[in-house]
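Undergrad: Please work out how this folds:
(chains A, B, C, D, E and F, ligands or ions: 6)
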Amino acid sequence: MKRLDLIFSERELDAIIKTLEKANVPGYTVMKHATGRGPERVVTEDMEFTGLGANAHVIVFCEQELIDKMRDNIRDDLSYYGGVAYISEATPL
Amino acid sequence: MKRLDLIFSERELDAIIKTLEKANVPGYTVMKHATGRGPERVVTEDMEFTGLGANAHVIVFCEQELIDKMRDNIRDDLSYYGGVAYISEATPL
Amino acid sequence: MKRLDLIFSERELDAIIKTLEKANVPGYTVMKHATGRGPERVVTEDMEFTGLGANAHVIVFCEQELIDKMRDNIRDDLSYYGGVAYISEATPL
Amino acid sequence: MEINPILQNVLAPPVLFFLIGAISVLFKSDLEIPAPLPKLFSLYLLLAIGFKGGIEIQKSGFTNQVLPTLSAAILMSLVIPLIGFLILRFKFDVFNSAAIAAAYGSISAVTFISAESFLENQKIAFDGFMVGALALMESPAIIVGLLLVKFAAPKNRPKSRKMHLSAILHESLLNGSVYLLLSSLIVGFLTASSNPSGIAKMEPFTGQLFYGAECFFLLDMGIVAAQRLPRLKNAGSFLIGFSIFMPLFNAFIGVFVARFLSLGPGNALLFVVLCASASYLAVPAAMRMTVPEAKSSYYISTTLGLTFPFNIVLGIPIYMSLVNTIIPLPPL
Amino acid sequence: MEINPILQNVLAPPVLFFLIGAISVLFKSDLEIPAPLPKLFSLYLLLAIGFKGGIEIQKSGFTNQVLPTLSAAILMSLVIPLIGFLILRFKFDVFNSAAIAAAYGSISAVTFISAESFLENQKIAFDGFMVGALALMESPAIIVGLLLVKFAAPKNRPKSRKMHLSAILHESLLNGSVYLLLSSLIVGFLTASSNPSGIAKMEPFTGQLFYGAECFFLLDMGIVAAQRLPRLKNAGSFLIGFSIFMPLFNAFIGVFVARFLSLGPGNALLFVVLCASASYLAVPAAMRMTVPEAKSSYYISTTLGLTFPFNIVLGIPIYMSLVNTIIPLPPL
Amino acid sequence: MEINPILQNVLAPPVLFFLIGAISVLFKSDLEIPAPLPKLFSLYLLLAIGFKGGIEIQKSGFTNQVLPTLSAAILMSLVIPLIGFLILRFKFDVFNSAAIAAAYGSISAVTFISAESFLENQKIAFDGFMVGALALMESPAIIVGLLLVKFAAPKNRPKSRKMHLSAILHESLLNGSVYLLLSSLIVGFLTASSNPSGIAKMEPFTGQLFYGAECFFLLDMGIVAAQRLPRLKNAGSFLIGFSIFMPLFNAFIGVFVARFLSLGPGNALLFVVLCASASYLAVPAAMRMTVPEAKSSYYISTTLGLTFPFNIVLGIPIYMSLVNTIIPLPPL
Ligand SMILES: Nc1ncnc2c1ncn2[C@@H]1O[C@H](COP(=O)(O)O)[C@@H](O)[C@H]1O
Ligand SMILES: Nc1ncnc2c1ncn2[C@@H]1O[C@H](COP(=O)(O)O)[C@@H](O)[C@H]1O
Ligand SMILES: Nc1ncnc2c1ncn2[C@@H]1O[C@H](COP(=O)(O)O)[C@@H](O)[C@H]1O
Ligand code: NA
Ligand code: NA
Ligand code: NA
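TA: Ligands and ions are numbered 1, 2, ... in the order given. Purely as a prediction, here's the structure:
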């Protein structure tokens, strides 16, 4: 099994979830209110009151083939507003 | 060292922490307010005001043997309300 | 690529971010409001109103060499208030 | 039934804000009241309802209408879940039936205060002790629901889920929202009896602010209800029908009980609304803990997505005209 | 221009709390208003502004000054972004220019209410229908900004970012803060016309509490503004100059329009402040969604880090003396 | 000491809500006020206390009782930590002793306002300038605590933790809660002197709402205190004894100082309460930053888990009877 970590602007969340659902992932977890800085040196803060929002961190545990299936769509999504995606190994308990 | 990721309903948190403490884990970290969807396609949202709450994400860095020791108890806990548990490799800095 | 997970008191966040920036990491993500327990059996809670705050969880995706460069500084930072740091493998999507 | 009271109800700020919230979801506006802000308002409303209710009960004392009304309220919250359970069993397993039935036996405090606002608007009197009925109707339905699970559930339920009576009482009486309402009621009662100057000092917070806070909370309820509504589709038309039919049915029983109790029109409406409303706070929280086999999306989507909006927007004026029709009928 | 009105403005609680917030950042105090508490206050202020504005509009009716003023307001929010765009294009690409220009064409509700507080302090009358101008000036600038992107953007913009008119209208009218302000205005209007008793019941929440909540929110705005300010350094002196010059320039145009409309000094100040203020809520949220090529740090640091504090602390009294100078001039 | 004032104190809404919160933990109710809502109330209370205090100080002016009282207050907050340190050193290392001692030298604003509510209830007059004493007693104890660490700590403390005077002053004066209280006090003062109409406009927020917000916050404090209490067990009976004995001891010194200052019974009680109360906001935050060697569970469990509830529930009426006994004694 793999673990996919996606970190991107909260505003992109609906698009990403749509991509995940379309690929039929077994599940996903979303953590909002993440802040951070990316390679463009823009610091994302949790300015919820401005409507800008912060980042979301999405974790998906799934098989490699599912990731391969989603790769292009996720990259598209992330290239729009920015964000990162990393894969690592994970074994179910 | 291993890294154990547990994601489950916040309402189950006390039970899981009891299991972790009983196994004498060196430490753990809890992140609340996670939302998500599981294999049963039920979307968990952060409806704190209804008392339902959202998911908790627990991270434990510990040795493999500890995980083996806890495995059955954690599986029991998770089979009650649902939730997922994954193990991956981790090296202390 | 590596994934570096840092978990420590929110009060230490500025110091850690300064360390990361000095090492010129490509980016980082911060999640606040994490709670937990460490080896000293002190439970950290989110008592924001007392000014104590909770823990922060910082994730950095970067190359091994960068981690080697930061190792001593991060260890210094963490030895002050406590906290943990673990490295694992990660592949960009 | 005239159209006027419905329109007048809809044009009150709390209902308008509820609709605004619902419409924002419909139109995909990104209006959002992020957690835990709604919790602030739900805690505040429970505290204020309880506190004011306690004062009213202390003031009015235990008149001879109080005890029969409160007993009838408890009775209704024991009977309604049983009826609901029997209906739901046609389509659902024991767990889901018990959980949904318990929600409809219990009450919604915000529906209750909407009915109070409606009465104030219509200048119809009602008594403070009705808050006592509100407080007393939260728990019994939970107990019935859990007992139904305990006795009707398949025998092979895992041991860890066997419920003891103590656990059932704990879930039904010490549930956060039940506990806050009940204990605020006691605080209000004690303050009124031993420290009346405290009432005036609390008034700006629990009294004057109340209506506005209600509006703000209903704005969020509108958003949440509209988000839940589409999930009802998966639940099927049986459950959709149930979430409209059941409140009407309960209202119908309720109005006859109110008549039997010789309640005035104001108290009668509140009694009927308590019967007709369904819980989306105390019961879901308790069921999630104790009956994880039940799908939370069922008991949340019905109560929050359909029954609550129905009661707030159409139900209350409908029940009022029901009360106005049935209560004055000559004795049988 | 005398120093007195500036000092008097600075010594009002909302401005003092703003300064306290800003100074806390300067002195590295760990004072913090954690998310999402500021959102509570921004939602509350929008709701209360809209509600009170709706009541005022219903009360005052559509006098013959209303329509010309509202039309002029819309016109200004269409013209200002065009001028701003032309200026910004000297230094920035189409995306950043359009986003920043839209922010300056739109308005800041908190600056508006600060001007109202200033007028009340100075005992200068103004009309409730100006809130209508506030509400109407939020969206057009967003539309202009997005149209500028649509037509002036490089042709090789990826397909996924081609904007349809429907998307533009959606972003400009259903943006959370625009939607809440507009719909609260409608609620206020409907309440005033069909349910006047609701006004009194809302008053403690939307009226009496307002000034204090404004202070609390401005405390946070002071913190946020002071945190954003240093980021302007990276943006360069052109943008720093722009964020002071543009409001002054807009105020200058605004005051002549106000004179042309024969507005009294109170309404004139509010009109000028609407022209001079820049949006840090609706526009950034919309631009972030639709023009990700624009750097959010640009349109946030300028509006929130410099223009907003400038307007709150110095701008309002300056505009007042501008109004006092220009409006009474003999006709040309 | 009669039982009556204690019962009367316990039956006031703020204390009742505190008890409700504590009991909810005892009974394992899932009542919870999620973060960051408690922060909203703690910020609000500091802002309102400061603002109202500033107004009172401006109104009353600097009578000839003000300066001696404020000086005595500062003196007490310098002396108490020294005494506490000497006592604590019997059992704890320098770091823990200094941190705990600093907490007891500093003050708890909520204990102070509970004492004010108690006095209002008992219709005993007190002066607004006592808020000045509150504000001035927060920082000196932090300074003493940090100086104790600086000079008494083992010489092998790592270099990174060597504290400079500037860092000590920063922690003690720019700590979020100290800063907000002090600066709100200044805002209140400035508003009262230069902009009196602002007072009336703030009154609903900082005045009328205060009592209710205090109740809501105390509900949470009850929960938090009861959660912390069991952790005291690990700390041992010495620390448990200390957290009851130390406030009583400080109250005892305080009442004689109050007598020496010829304070009236109201001001005397407030003075005594300031001496007897311990900080759970400013001091823990500062100590956590600068003395990580000290166990936060020690200085939090004692102040929040035992001393605070003791003062709120039993302490205040006890101190009142102490004041009533000692103050009227014939001069020595
Ligand atoms: N190397 C990284 N490690 C961890 N998080 C990152 C990294 N790069 C970017 N991020 C996160 O992704 C968000 C969006 O980055 P960007 O691609 O610059 O828009 C940032 O705000 C960070 O939260
Ligand atoms: N494959 C998965 N990847 C990430 N998170 C998951 C996955 N499956 C379930 N979850 C999380 O676990 C929670 C409980 O899932 P469930 O087992 O369906 O009750 C969900 O709400 C998700 O947050
Ligand atoms: N073994 C562990 N696994 C996961 N989180 C840990 C572990 N040890 C410590 N932590 C986190 O690090 C924080 C600080 O720990 P400490 O080093 O005891 O101060 C704790 O509050 C936990 O959130
Ligand atoms: Na019911
Ligand atoms: Na403008
Ligand atoms: Na003290």
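
Undergrad: Up against ligand 2, what does chain A have?
TA: Residues of chain A lying close to ligand 2 by C-beta under 6 Å from any ligand atom are A:26-29, A:59-62. The way it works is simple: take the backbone N, C-alpha and C, and place the C-beta from them, glycine included.

Undergrad: Go again with 5 Å.
TA: Selection of chain A residues close to ligand 2 by C-beta under 5 Å from any ligand atom yields A:26-29, A:60-61.

Undergrad: residue ranges of the helices in chain A, please?
TA: Remark: helices assigned in chain A by DSSP state H are A:13-22, A:64-81.

Undergrad: Relative to ligand 1, which of those helices is closest?
TA: Ranking those by proximity to ligand 1 (C-beta to the nearest ligand atom) places helix A:64-81 first, at 6.5 Å.

Undergrad: Buried residues, that closest one. List them.
TA: Buried residues in helix A:64-81, counted by 16 or more other C-beta atoms under 10 Å in any protein chain shown: A:66-67, A:69-70, A:73-74, A:77-78, A:80-81.

Undergrad: ok, now stretch A:18-33?
TA: Neighbour-count burial for stretch A:18-33 [16+ other C-beta under 10 Å]: A:19-20, A:23, A:25, A:27-33.

Undergrad: so how far is the first residue of it from its last?
TA: 20 Å (C-alpha to C-alpha, to the nearest Å).

Undergrad: what about it and chain B, any contact?
TA: Yes. Counting by C-beta under 8 Å from any C-beta of the partner chain, chain B has neighbours in stretch A:18-33: A:26-33.

Undergrad: between those, which is closest to residue D:241?
TA: Closest to residue D:241 out of the residues of stretch A:18-33 next to chain B is residue A:27 (31.5 Å), distances taken as C-beta to C-beta.

Undergrad: coming back round to it: any chance of the helices of chain A in a markdown table, with distance to ligand 1 and mean pLDDT too?
TA: Shown next, in a markdown table, are the helices of chain A (distance: least, C-beta to the nearest ligand atom, whole Å; pLDDT from 0 to 100):
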| stretch | distance to ligand 1 | mean pLDDT |
| --- | --- | --- |
| helix A:13-22 | 13 | 93 |
| helix A:64-81 | 7 | 91 |
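
Undergrad: is it possible to export those helices to CSV including distance to residue F:169?
TA: As requested, those are exported to CSV (distance: least, C-beta to C-beta, whole Å):
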stretch, distance to residue F:169
helix A:13-22, 45
helix A:64-81, 44
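
Undergrad: which strands and helices sit next to the lengthiest strand in chain A?
TA: Scanning chain A for the strand with the most residues, using DSSP state E, yields strand A:28-37. Judged by 3 or more C-beta pairs under 8 Å, 6 or more residues apart in numbering or on different chains; DSSP states H and E, the packing partners of strand A:28-37 are helix A:13-22, strand A:43-44, strand A:55-62, strand B:28-37, strand B:55-62, strand C:28-37.

Undergrad: For residue D:298, which of those is the nearest?
TA: strand B:28-37 (16.5 Å).

Undergrad: The closest one near ligand 3 anywhere?
TA: Yes. Contact between strand B:28-37 and ligand 3, assessed by C-beta under 5 Å from any ligand atom, occurs at B:28-29.

Undergrad: which other residues reach that strand?
TA: A:27-33, B:7, B:10, B:13, B:17, B:20, B:43-46, B:48, B:53-60, C:7, C:31, C:33-37, C:55, C:57, D:35 (C-beta atoms under 8 Å, 6 or more residues apart in numbering or on different chains).

Undergrad: now the farthest one out in chain D, which residue is it?
TA: residue D:156 (33.6 Å; C-alpha atoms, centre = their mean).

Undergrad: re the thing from before, what's the closest of the helices of chain A to chain F?
TA: Taking C-beta to the nearest C-beta, helix A:13-22 is the member of the helices of chain A nearest to chain F, at 21.7 Å.

Undergrad: list the contacts for the residue lying closest to residue D:69 once chain neighbours are set aside?
TA: Closest residue to residue D:69 in three dimensions, ignoring its sequence neighbours and counting by C-beta to C-beta, 6 or more residues apart in numbering or on different chains: residue D:261, at 5.7 Å. Neighbouring residues of residue D:261 by C-beta under 8 Å, 6+ apart: D:65, D:68-69, D:72, D:271.

Undergrad: let's see 7 Å
TA: D:68-69, D:72 (C-beta atoms under 7 Å, 6 or more residues apart in numbering or on different chains).

Undergrad: ok, and the closest non-adjacent residue to the most centrally placed residue in chain D?
TA: Centroid-nearest residue in chain D: residue D:108, 1.6 Å away (criterion: C-alpha atoms, centre = their mean). Closest residue in space to residue D:108, ignoring its immediate chain neighbours: residue D:277 at 4.0 Å, by C-beta to C-beta, 6+ apart.

Undergrad: surely the one you found meets residue D:107?
TA: Yes. If you go by C-beta atoms under 7 Å, residue D:277 and residue D:107 touch, sitting 5.1 Å apart.

Undergrad: Show me which pair in the residues of chain A next to ligand 2 is furthest apart.
TA: A:26 and A:29 (11.5 Å).

Undergrad: Chain D contacts on chain A?
TA: Counting by C-beta under 7 Å from any C-beta of the partner chain, chain A comes close to chain D at residue A:48.

Undergrad: Make JSON lines out of the contacts of residue D:261 and add neighbour count and secondary structure.
TA: JSON lines is the format used below for those (neighbours: other C-beta atoms under 10 Å in any protein chain shown; DSSP: H, G, I helix; E, B strand; the rest coil):
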{"residue": "D:68", "neighbour count": "14", "secondary structure": "helix"}
{"residue": "D:69", "neighbour count": "24", "secondary structure": "helix"}
{"residue": "D:72", "neighbour count": "19", "secondary structure": "helix"}
